[in-house]
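Visitor: Here is my input, please return the structure:
(one chain, ligands or ions: 2)
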Amino acid sequence: MAESTEVRNLVYLVTGGCGFLGEHVVRMLLQREPRLSELRVFDLHLGPWLEELKTGPVQVTAIQGDVTQAHEVAAAVAGAHVVIHAAGLVDVFGRASPETIHKVNVQGTKNVIEACVQTGTRFLVYTSSMEVVGPNIKGHPFYRGNEDTPYEAVHKHPYPCSKAQAERLVLEANGREVRGGLPLVTCALRPTGIYGEGHQIMRDFYHQGLRLGGRLFRAIPASVEHGRVYVGNVAWMHVLVARELEQRAALVGGQVYFCYDKSPYKSYEDFNMEFLGPCGLRLVETRLLAPYWLLMLLAALNALLQWLLRPLLLYAPLLNPYTLAVANTTFTVSTDKAQRHFGYEPLFSWEDSRTRTIRWVQAMEGSAQ
Ligand SMILES: NC(=O)C1=CN([C@@H]2O[C@H](COP(=O)(O)OP(=O)(O)OC[C@H]3O[C@@H](n4cnc5c(N)ncnc54)[C@H](O)[C@@H]3O)[C@@H](O)[C@H]2O)C=CC1
Ligand SMILES: C[C@@H](CO)CCC[C@@H](C)[C@H]1CC[C@H]2[C@@H]3[C@H](O)CC4=CC(=O)CC[C@]4(C)[C@H]3CC[C@]12C
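Guide: Numbering: from 1, shown residues only. Ligands and ions are numbered 1, 2, ... in the order given. The predicted structure is shown next:
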């Protein structure tokens, strides 16, 4: 951690600052960015927890706003030194329409870029996703790949399509002249599946397990590896790269970085059991009971039901053809690019990340313990 005697003169804006990742970024900035004077937290829905942050040495400004509204974004960005753009519509379950996903993720990102250009903000960090690369719809494995690994990225689903488009916009904006004549410096971070305190899908699996009498049923072969990264380390990577964008603009500007740490390579379900197991759930092997073709059939049935029921209600289960394909295709990263470019080392060990996540699950209401 840098010296606490440093002058506090920097203004940061975090869009999506009340989301799962955003909250960790906000808290991490307050803990680990000693030059911070004001932290603007911009979100469609503000969290009540923001209030408790307003008593420290940093001015925390909560801004209820919508990234699709250019004027709201411009007002929030004006005067900020750094923008961390984490707001996004994370939907692979068919809850939102493709148009809405595009509007929030692509138009929202355009608005952030234009606001930086118009107001003279020079540093922009974009929270992208592994999904801009894959897994692709052909089911090709991406095994311990890095940022330079060739891979046929084929996007059909609205979410990865939107993240890929937004990421491209951010990278293309690197070097654009902002108000005042200096160049914009941008980069994109690509987390794999994030886990940790506040992870909604982990919460869903936990409650599903409780409803099923403490059991979850294996649907994905244990041999399929799915990349995961602890939310605290993803937040730390954002804070670090934001700090280094000015000093290392030539190296970091226009670059993409996978988010990684020491979390083990496992299947999606086996990884979840690292936390859900100690909280009283067990994973029941069902390969003979539920062969892959049956899961595909169930996933297709869910998609059909979603479509049929749409006029009446929103039916959006976790299992659909897209989520099944993602969970069933190996996608893991092995890279040190962030370490080489801006000195990133995970702040939280695997043991620490695991313990924190287990404690959070245990603290949930209705624990199976
Ligand atoms: N959860 C994951 O495993 C991964 C997430 N990501 C990316 O990380 C970012 C954060 O994701 P999460 O924290 O998981 O999602 P989240 O849904 O918890 O957080 C997103 C936040 O953005 C806000 N938001 C949504 N629409 C908005 C709008 N129109 N205007 C202003 N704010 C808006 C939401 O209110 C929410 O607080 C997203 O950009 C997502 O694409 C990337 C890789 C993996
Ligand atoms: C087949 C089911 C039986 O248990 C399991 C279904 C699990 C899925 C809901 C998840 C499997 C992989 C997840 C995605 C992955 O981690 C990559 C992601 C990156 C993002 O940017 C957003 C979230 C997500 C798409 C994530 C969503 C949930 C899964 C599909």
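
Visitor: Report whether the expected contact of Gly17 with Val25 is present.
Guide: Yes. Assessed by Cβ atoms under 8 Å, Gly17 is found in contact with Val25 at 6.8 Å. For the C-beta atoms, the positions are set from N, CA and C on the backbone; glycine is no exception.

Visitor: For those two, list the residues in contact with both.
Guide: Common neighbours of Gly17 and Val25, using Cβ atoms under 8 Å, 6 or more residues apart in numbering, are Ala86.

Visitor: Any residues of the stretch 251-369 of the chain in contact with ligand 2? List them.
Guide: For the stretch 251-369 of the chain, the residues in contact with ligand 2 (Cβ under 6 Å from any ligand atom) are Tyr268, Glu269, Leu318, Leu319, Thr323, Leu324, Val326, Ala327.

Visitor: How about the fifth one: what's its closest non-neighbour residue?
Guide: This points to Thr323. Val92 (5.7 Å; Cβ to Cβ, 6 or more residues apart in numbering).

Visitor: One more: the first one?
Guide: Spatial nearest neighbour of Tyr268, excluding adjacent residues (Cβ to Cβ, 6+ apart): His226 at 4.2 Å.

Visitor: right, and that neighbour touches Tyr143 too?
Guide: No. Counting by Cβ under 8 Å, His226 stays clear of Tyr143, with 11.4 Å between them.

Visitor: ok, these two, which is more surrounded?
Guide: For His226 and Tyr143, the more surrounded residue by other Cβ atoms under 10 Å is His226, and the numbers stand at 24 against 13.

Visitor: Contacts only, for the more buried one.
Guide: Listed by Cβ under 8 Å, 6+ apart, the contact set of His226 reads Thr192, Gly193, Lys266, Ser267, Tyr268, Phe271, Ala327, Thr330, Phe331, Thr332.

Visitor: try Cys18
Guide: Taking Cβ under 8 Å, 6+ apart, we find Cys18 in contact with Val41, Asp43, His45, Leu46, Gly47, Leu50.

Visitor: now, which of those lie close to ligand 1?
Guide: Near ligand 1, judged by Cβ under 6 Å from any ligand atom, the entries from the contacts of Cys18 are Asp43, His45.

Visitor: what's the burial count for the residue in the chain positioned nearest to ligand 1?
Guide: Using Cβ to the nearest ligand atom, Gly19 is the residue of the chain that sits closest to ligand 1, at 2.0 Å. Applying other Cβ under 10 Å, we find 23 residues neighbouring Gly19.

Visitor: separation between it and Val90?
Guide: Applying Cβ to Cβ, to the nearest Å, the value for Gly19 to Val90 is 8 Å.

Visitor: just the helices in the stretch 1-150 of the chain please.
Guide: Ranges of helices within the stretch 1-150 of the chain are 20-32, 70-77, 98-102, 108-119, based on DSSP state H, counting those that start in this stretch.

Visitor: Under the pLDDT cut-off, which ranges of this protein? List them.
Guide: 1-5, 287-290, 365-369 (pLDDT under 70).

Visitor: After the helix ranked longest in it, which helix or strand is next? Please name it.
Guide: Longest helix in the chain by number of residues (criterion: DSSP state H): helix 292-309. Remark: after helix 292-309, the chain's next helix or strand is helix 321-327, criterion DSSP states H and E.

Visitor: returning to what we had before: nearest to Gly181, out of the helices of the stretch 1-150 of the chain?
Guide: Each of these has some distance to Gly181 by Cβ to Cβ; the shortest is helix 108-119, at 11.5 Å.

Visitor: quick one, what contacts the residue of the chain closest to ligand 1?
Guide: Gly19 is in contact with Asp43, Ala86, Ala87, Gly88, counting by Cβ under 8 Å, 6+ apart.

Visitor: Now the two most distant members of these.
Guide: With Cβ to Cβ as the measure, no two of these lie farther apart than Asp43 and Gly88, at 11.2 Å.

Visitor: Find residues that contact each of the two.
Guide: Gly16, Gly19.

Visitor: how about the strands in the stretch 201-350 of the chain?
Guide: Applying DSSP state E, counting those that start in this stretch to the stretch 201-350 of the chain gives strands spanning 215-217, 228-230, 255-259, 282-284, 331-333.

Visitor: Buried only: go through the contacts of Cys18 for me.
Guide: Taking 16 or more other Cβ atoms under 10 Å as the criterion, what is buried in the contacts of Cys18 is Val41, Asp43, Leu46, Gly47, Leu50.

Visitor: phi, psi of the fourth one?
Guide: The phi and psi torsions at Gly47 (degrees, to the nearest 10) take the values phi -90, psi 140.

Visitor: So for it, what's the nearest residue that isn't a sequence neighbour?
Guide: Excluding the flanking residues, the one nearest Gly47 by Cβ to Cβ, 6+ apart is Cys18, at 4.2 Å.
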